[in-house]
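**Student:** coords please:
(chains A and B)
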Amino acid sequence: MLDYNKLAEMLYPNVDKNINKYFQKYPSRNLLKDAVVTRFAPSPTGYLHIGGLFQCVTHEMLSKKPTSVFYLRLEDTDQKREIENAGDLLYDTILKFDIVPNEGYRGNRDDKGIYGPYVQSERLEIYQTFAKYLVAKGRAFPCFCEKCEDKEDIVAKREQEIENNNTTIDHDPCRKISLEEIEENLAMGKPFALRLLSKGNPNAIMEFDDLIKGKRKIRENGKDIVLIKNNGIPVYAFAHVVDDTLMGTTVIVRGEDWFQSVASHIELFRAFGFDEIPYLHTPNICKTEEGKKRKLSKRKDPEADCRFYIQDGYPVVAVKEYLLNLLNSDFEDWRRENPNKYYKEFPFAVEKINTGNPVFDIVKVNDVSKDYISRLSSKEVYQQLLAWAKEYDTEFAELLSKNPEYSMNVFDIERGGEKPRKDIYKWSMVREYYNYMFEDFSKLNINFKELINIDNELIYKILHTYIVLFEETLTKEEWFDRMKKMADKHGFCSDNKAYKANPEAYNGNLSAFCNLVRYAFTGKTNTPDLYSICCVLGKDELFNRLDVLKKKLK
RNA sequence: GGUCCCAUGGUCAAGCGGUUAAGACAUCGCCCUUUCACGGCGGUAACAGGGGUUCGAUUCCCCUUGGGACUACCA
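**Tutor:** As a prediction, this is how the structure comes out:
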C-alpha cells in the first residue's frame, strides 16, 4: 500500500489539497421548488451542431421554473481538436437562435455568474486541487506510460495481468507502481497522467436511473480511466464531475453517446464523495443514407450545421419548434390548439422524450416553418425578412426598405383570417417568389408564346381593357364579375360548361383568361391572389408595365 | 471482437394486455376554385422474425435479425 498523502505531496507539491475552499467560494444555489440548474457544455471544435441545438431546446424547456438556471460552459480541454474562435462562433449561433443562457460563457464578452470561470482551460488550478485531493484519498495514481494504446508491450502486459489473476477486471498495470519508481520518474522530469484507482467490478450490476431512459441495470466501472492527461489538462470525465458539482448543476443533459460511460462517472462522483447528479441522455439526430441510419455528421452533412438554417433564412422559432416536436411529439397537437402561444408555454414532459434516434426531416421542417410564417403578421414578416436580408442579401434589403409600407402590403396578401396562405418557409425564397413585386419589371422574362397561342394584338387589347376597367375600390366579387365580362368580350368563355362543350370555339376558359392577365403583370403562372396584387401595384404601375409589354407584343 | 442502446407505415410518432392500431409530414385521388395555393373529404401504407408467459399479445420475457453508439492521455 502506498502512502497516499505522501504521494499527493510528491505529485502536486505546490498545490493546495483543500477542496473546501472551493465549496465556500461557490455556495450552493438558492432554488425554488422544481427549479433546475442545467447547462450546455459544447467544445470549441467547430460550428454549432443541430444536436447541440436540440439539447439547447431541451435546456430551455427544462429551465422554465422560477430561479432555474441555464448556463453555458466551454469544454476546451482538447487542444488538438480546438478550432480558433469556435467558442465565439458557438455563442454567436446560440444567440441567433434566440437562446439566451442566463449564466456562463459568453464568447468575447466576460463570463456572467459567480460560479466561473466557465471555460475549462481557465480552471486548471481548481482541477489540480481536486486531483491532489483524490490522490490523498487513495483514489488516483500516476501513470508514466506513453500513450498505452500506442505501445504493444503495455497492452500485452495488461492482458497478461488479467490472465494471471484470472479476472476480467481491467486494472491498469501502473497502479502497482512503487513510490520509489514514482520518485525516480518525477526526478527525471517525466510527465504523468493521473488515473482513477477503480474499486468497481465490471461483473457486478448496479442500478442507474436515467431521466428519460428510466431505471437501467448497468455494469460497474472497473477501468482505471485517465483523469488528467500528462499535459496537466483533465479529460471530460474529471472536469465534468468537478465542474457540475461546483457549479451546482441539478440535471446533466448530454447526448446518448455518453450513456456507456456513466458507470465511470458515477464512480468518480463517489470517489470524491460528491452527491451524484441525475443524468438525462438525449437521443442523437440521424439521417438515412443508402437505407442506413447514421448520426448526422459535422463533416459530411450541411444540415448538421445550425448556421445553414440561419443563412437559408429559416425562422429560428420554426427550427426550434420542429426540434421540440421531435422531443415531445404531442407538441404539434398543442400547437394546433394554441396557434398563438409562444412555444415555451408548451407543457414539456421529460418522460415523453423518445428513446430512439430520430431521423431529421427537412420536409417536415419546411412544413412547420410554413405554418409558423403563415401565423405572422405582415409587419412581422417584413421585419424578420428584412433582418435576414440585411445580413445575407443586402441588395434585396435595399429593395425592401425603399418602401416599407409597400413591402408590408405585399406580405399582407392572403395573410390573416381563417385560412392564411402557406407558401413561404424560408426568407431566402422570398425574393424569387415575389420578384415581380420588387425587381425591375422590364427585366423579367415574359414570353406569351409559352403561355397561350393568340395574337399579340389581342393580348395587348385585353391588357389595356383590363387596366382601364381596373379600380382599387372594387370588391373582389365586382372585380371578378368584370373579369368574366371581359373574358367573354375577348373570345374567352366564362361559362365552363359551355367551354367544355366546345373548347375549339374559344380562346380559352375564364381560368386561361385570368392567367393571361396574371402572367402579363407578374411573369408567373403561380402567384397569390391576382386582384390583391394589382391593388398593391396600383393602376399607374399597371400602365407602366403595359408600356414595357407593348414592346414585347410588337 | 466486447459492451450498451434502439426497433409501430417513406419520416416523426400515439399506444403502456382486449383498439376498426391515433395524429402529423410526404404521397395519391376527389371536391372547392380565376391561376397557384389554402382548405375540405377520402385512399395507399406499419406492429422485423421466431419462441415463450397469458383466456388473450403491438404491448411482458427470451432468442434471432436489423440498425445505431461506445470501446482514446477526444468531447
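
**Student:** going forward, measure contacts between C-alpha atoms and count neighbours the same way
**Tutor:** Noted.

**Student:** Show me what the mean pLDDT comes to for the helix or strand where A:Ala512 lies.
**Tutor:** Assigned by DSSP states H and E, A:Ala512 belongs to helix A:510-522. Mean per-residue pLDDT for helix A:510-522: 91.

**Student:** From the chain's centroid, how far away is it?
**Tutor:** In terms of C-alpha atoms, centre = their mean, to the nearest Å, the centre of helix A:510-522 is found 42 Å from the chain centre.

**Student:** Is there any residue in it that contacts RNA strand B?
**Tutor:** Yes: in terms of C-alpha under 7 Å from any atom of the strand, part of helix A:510-522 sits within range of RNA strand B, namely A:Leu510, A:Ser511, A:Ala512, A:Cys514, A:Asn515.

**Student:** neighbour-wise, which of the residues you listed leads?
**Tutor:** A:Leu510 (21 neighbours; other C-alpha atoms under 10 Å).

**Student:** For A:Trp479, see how far away it is.
**Tutor:** Going from A:Leu510 to A:Trp479 by C-alpha to C-alpha, to the nearest Å gives 13 Å.

**Student:** Contacts for stretch A:293-303, please.
**Tutor:** The contact list for stretch A:293-303 (C-alpha atoms under 8 Å, 6 or more residues apart in numbering) reads A:His49, A:Ile50, A:Asn284, A:Ile285, A:Cys286, A:Lys287, A:Thr288, A:Ala304, A:Asp305, A:Phe308, A:Tyr309, A:Val359.

**Student:** Run the contact check for it versus RNA strand B.
**Tutor:** Yes: against RNA strand B, stretch A:293-303 shows contacts by C-alpha under 7 Å from any atom of the strand at A:Lys293, A:Arg294, A:Lys295.

**Student:** quick one on the thing from earlier: by contact count, what packs against the helix holding A:Ala512?
**Tutor:** Under the contact criterion of 3 or more C-alpha pairs under 8 Å, 6 or more residues apart in numbering; DSSP states H and E, helix A:510-522 touches helix A:435-438, helix A:476-489, strand A:492-493, helix A:539-552.

**Student:** and the angle for it with helix A:539-552?
**Tutor:** Taking axes from the mean of the first three to the mean of the last three C-alpha atoms, to 10 degrees, one finds helix A:510-522 and helix A:539-552 inclined to each other by 90 degrees.

**Student:** Could you list the residues in contact with stretch A:99-111?
**Tutor:** The contact list for stretch A:99-111 (C-alpha under 8 Å, 6+ apart) reads A:56, A:60, A:69-74, A:87-92, A:94, A:112-113, A:115-119.

**Student:** Around A:His89, how many other residues sit close by?
**Tutor:** Just so we're on the same page, residue A:89 is Leu rather than His. Residues lying near A:Leu89 (other C-alpha under 10 Å) number 18.

**Student:** How about the one 10 residues further on?
**Tutor:** Other residues lying near A:Ile99 total 18 when counted by other C-alpha under 10 Å.

**Student:** do the same with A:Lys497
**Tutor:** By the other C-alpha under 10 Å criterion, the neighbourhood of A:Lys497 contains 11 residues.

**Student:** Wasn't it part of a helix?
**Tutor:** Yes: according to DSSP: H, G, I helix; E, B strand; the rest coil, A:Lys497 belongs to a helix.

**Student:** Show me the strands in the stretch 151-300 of chain A, by range?
**Tutor:** Remark: strands assigned in the stretch 151-300 of chain A by DSSP state E, counting those that start in this stretch are A:193-196, A:205-210, A:214-219, A:226-228, A:252-255, A:279-282, A:286-289, A:292-295.

**Student:** returning to what we had before: for the residues of stretch A:293-303 next to RNA strand B, which one is nearest A:Pro278?
**Tutor:** Among those, A:Lys295 lies closest to A:Pro278 (C-alpha to C-alpha), at 24.9 Å.

**Student:** residues from the stretch 251-400 of chain A in reach of RNA strand B?
**Tutor:** Counting by C-alpha under 7 Å from any atom of the strand, the stretch 251-400 of chain A sits next to RNA strand B at A:256-261, A:292-295, A:325-330, A:332-333, A:352-361, A:363-364, A:367.

**Student:** repeat that with 6 Å
**Tutor:** Neighbours of RNA strand B within the stretch 251-400 of chain A, by C-alpha under 6 Å from any atom of the strand: A:257-258, A:260, A:292-295, A:325-326, A:329, A:352, A:354-356, A:358-361, A:363-364, A:367.

**Student:** Quick one, which of the residues you listed are buried?
**Tutor:** Buried members of those, counted by 16 or more other C-alpha atoms under 10 Å: A:Lys295, A:Asn325, A:Leu326, A:Asn354, A:Thr355, A:Pro358, A:Val359, A:Phe360, A:Asp367.

**Student:** Just these: which are in strands?
**Tutor:** When DSSP state E is applied, those are split such that A:Lys295 fall in strands.

**Student:** picking up where we left off before, please enumerate residues in contact with the helix holding A:Ala512?
**Tutor:** A:436-437, A:446, A:448, A:451-452, A:463, A:483-484, A:487, A:492-496, A:524-525, A:527, A:530, A:542, A:545-546, A:549.

**Student:** Put together JSON lines for the residues of helix A:510-522 next to RNA strand B, with distance to A:Tyr236 on each row.
**Tutor:** JSON lines is the format used below for the residues of helix A:510-522 next to RNA strand B (distance: C-alpha to C-alpha, whole Å):
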{"residue": "A:Leu510", "distance to A:Tyr236": "70"}
{"residue": "A:Ser511", "distance to A:Tyr236": "66"}
{"residue": "A:Ala512", "distance to A:Tyr236": "67"}
{"residue": "A:Cys514", "distance to A:Tyr236": "66"}
{"residue": "A:Asn515", "distance to A:Tyr236": "64"}
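
**Student:** for those, which one is nearest RNA strand B?
**Tutor:** Nearest to RNA strand B among the residues of helix A:510-522 next to RNA strand B is A:Ser511, at 3.3 Å by C-alpha to the nearest atom of the strand.

**Student:** Now do the same for A:Leu474: its pLDDT.
**Tutor:** At A:Leu474, pLDDT is 85.

**Student:** Determine the number of other residues adjacent to it.
**Tutor:** For A:Leu474, using other C-alpha under 10 Å, the count is 13.

**Student:** lowest confidence element among the helices and strands of chain A?
**Tutor:** Scoring the helices and strands of chain A by mean pLDDT, DSSP states H and E places helix A:152-164 at the bottom, with a mean of 55.
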